[in-house]
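Enquirer: make a model of this:
(one chain, ligands or ions: 1)
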Amino acid sequence: MKVLMINGSPRVGGNTSIALAEMEKIFAEEGIESETIQIGAQPIRGCIACGTCRKKGKCVFDDAVNQAAPKFEAADGLVVASPVYYASANGTLVSFLDRLFYSTPFDKRMKVGASVVVARRGGLSATFDELNKYFTIAGMPVTSSQYWNSVHGRLPGEAAQDAEGLQTMRTLARNMVFLMKSIQLGKEAYGIPEREPQDVLWAVRCMALEQEAPSWEAALGPVILRRFQAKLADALYYRYDLARPWPEQLEENLAWLAGERARLEEMQRRLDRKNR
Ligand SMILES: Cc1cc2nc3c(=O)[nH]c(=O)nc-3n(C[C@H](O)[C@H](O)[C@H](O)COP(=O)(O)O)c2cc1C
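Expert: Predicted structure coming up:
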């Protein structure tokens, strides 16, 4: 089993590294392979919402994000660790995670997540919440510990004095190993849970509302399709869970939407009542 650890700090050997090293020790004891990638000093830009990843299955910016993607795909667990900057995760890490999670089409469900936050004094639990949201939108179970997963320290090395914080890290690593092993057994015994396709009616409803279309057929007219193809492509991308080019899939997508006619008509009736 493998764990990928992302360290958002720019400081090599800083406090976040100390927190992660405490987890690495436990992983090694438990026979779990771990790899840490420290990204904080790299020029990692934010997502520009270009949608290229939809077609290519990887980010248009070929940097640490694309390098980490196959490692994330191969991993059973992901640890994301951040120094707290202004009561938030540090900016480089946020840019990295936005692009990593958004651009990668592989199934992340049941990979185990754990977040680690490190600060001098304040903003730890806000940052903890922020990081956990990457896991919980992706179907990844989140590991907890005996306290919120935080370590205190300001100057590099100070975290080593936070005995309770380090204990929290060891417990976190042990709990994570337990979860990964349990999920492995669960997958063998029961298989991964069935996934329903994402409901795309919201996209159609947006089209109908924005165009004040008299019916859903009108809302799906070619002009509107062109205008709103990005929105619809987004929805369909999630439905098929594949980075497939939009135009090639058009017919198939429309056929599928036609099959949804009953639900669309019900939606139309609701729209009509609302517009009355
Ligand atoms: C730009 C910046 C903002 C910071 N904001 C906070 C903060 O909001 N709360 C806090 O307690 N510490 C804050 N700190 C301190 C760091 O969280 C602290 O030094 C931490 O140990 C850094 O981890 P590292 O050594 O792994 O980089 C900030 C540091 C920097 C550079």
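Enquirer: okay, now the one residue in the chain that gets nearest to the ligand: neighbour count?
Expert: Taking CB to the nearest ligand atom, the ligand has its nearest neighbour within the chain at residue 14, 2.5 Å off. (Glycine included, C-beta is placed from N, CA and C.) Residues lying near residue 14 (other CB atoms under 10 Å) number 21.
Enquirer: hmm, it is touching residue 156, no?
Expert: Yes - the criterion here is CB atoms under 8 Å, and residue 14 meets it with residue 156 at 4.6 Å.
Enquirer: can you list the domain ranges for the protein.
Expert: The record's domain parsing of the chain by automatic domain parsing lists 2-190, 200-274.
Enquirer: which of the ones you listed is buried the deepest?
Expert: Stretch with highest mean neighbour count among the domains of the chain: domain 2-190 (a mean of 19; mean count of other CB atoms under 10 Å).
Enquirer: state the mean pLDDT of it.
Expert: Summarised as a single mean, pLDDT over domain 2-190 is 97.
Enquirer: now for the residue of the chain closest to the ligand: which residues touch it?
Expert: 83, 156 (CB atoms under 8 Å, 6 or more residues apart in numbering).
Enquirer: if we go to 6 Å?
Expert: For residue 14, the contacting residues are residue 156, by CB atoms under 6 Å, 6 or more residues apart in numbering.
Enquirer: equivalent analysis for the one 4 residues further on, please.
Expert: Contact partners of residue 18, counting by CB under 6 Å, 6+ apart, are 159, 160.
Enquirer: can you show me the CA trace of the helix or strand it falls within as CSV?
Expert: Taking DSSP states H and E as the criterion, residue 18 maps to helix 15-29. Extracted in CSV, the C-alpha atoms of helix 15-29 (Å, rounded to 0.1, in the frame of the first residue of the first chain):
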residue,chain,number,x,y,z
ASN,A,15,7.6,22.6,10.9
THR,A,16,5.3,21.0,8.3
SER,A,17,8.1,18.6,7.4
ILE,A,18,8.5,17.7,11.1
ALA,A,19,4.8,16.9,11.4
LEU,A,20,4.9,14.7,8.3
ALA,A,21,8.1,12.9,9.4
GLU,A,22,6.3,11.8,12.5
MET,A,23,3.7,10.2,10.2
GLU,A,24,6.3,8.7,7.9
LYS,A,25,7.8,6.8,10.9
ILE,A,26,4.5,5.1,11.6
PHE,A,27,4.0,4.3,7.9
ALA,A,28,7.4,2.7,7.7
GLU,A,29,6.7,0.6,10.9
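Enquirer: got phi/psi on the nearest residue in space to residue 85 that is not next to it in sequence?
Expert: In space, and not counting its chain neighbours, residue 85 is closest to residue 91: 6.8 Å by CB to CB, 6 or more residues apart in numbering. Backbone torsions for residue 91, taken as degrees, to the nearest 10, come to phi -60, psi -40.
Enquirer: helix, strand, or coil at residue 80?
Expert: What DSSP: H, G, I helix; E, B strand; the rest coil gives for residue 80 is strand.
Enquirer: surely it touches residue 131?
Expert: Yes - with contact defined as CB atoms under 6 Å, residue 80 reaches residue 131; the gap is 5.2 Å.
Enquirer: now the common contact residues for those two.
Expert: In contact with both residue 80 and residue 131: residue 115, using CB under 6 Å, 6+ apart.
Enquirer: hmm, residue 177 is touching residue 30, no?
Expert: Yes - counting by CB under 6 Å, residue 30 is a contact partner of residue 177 at 4.7 Å.
Enquirer: ranges for the helices of the stretch 51-200 of the chain?
Expert: 52-56, 64-74, 91-103, 124-136, 163-190 (DSSP state H, counting those that start in this stretch).
Enquirer: so which of these gets nearest residue 41?
Expert: helix 91-103 (7.9 Å; CB to CB).
Enquirer: hmm, that closest one in reach of the ligand?
Expert: No - judged by CB under 6 Å from any ligand atom, helix 91-103 and the ligand are separated, with a smallest distance of 8.7 Å.
Enquirer: just the CA trace of that helix, in CSV.
Expert: Taking Å, rounded to 0.1, in the frame of the first residue of the first chain, the C-alpha atoms of helix 91-103 are listed here in CSV:
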residue,chain,number,x,y,z
GLY,A,91,-1.5,29.9,-1.6
THR,A,92,0.8,27.6,-3.5
LEU,A,93,-0.8,24.6,-2.0
VAL,A,94,-4.3,25.8,-2.8
SER,A,95,-3.3,26.4,-6.5
PHE,A,96,-1.8,22.9,-6.6
LEU,A,97,-4.8,21.2,-5.0
ASP,A,98,-7.4,23.0,-7.1
ARG,A,99,-5.6,21.9,-10.3
LEU,A,100,-4.7,18.4,-9.1
PHE,A,101,-8.3,17.5,-8.1
TYR,A,102,-9.9,19.3,-11.0
SER,A,103,-7.7,18.1,-13.8
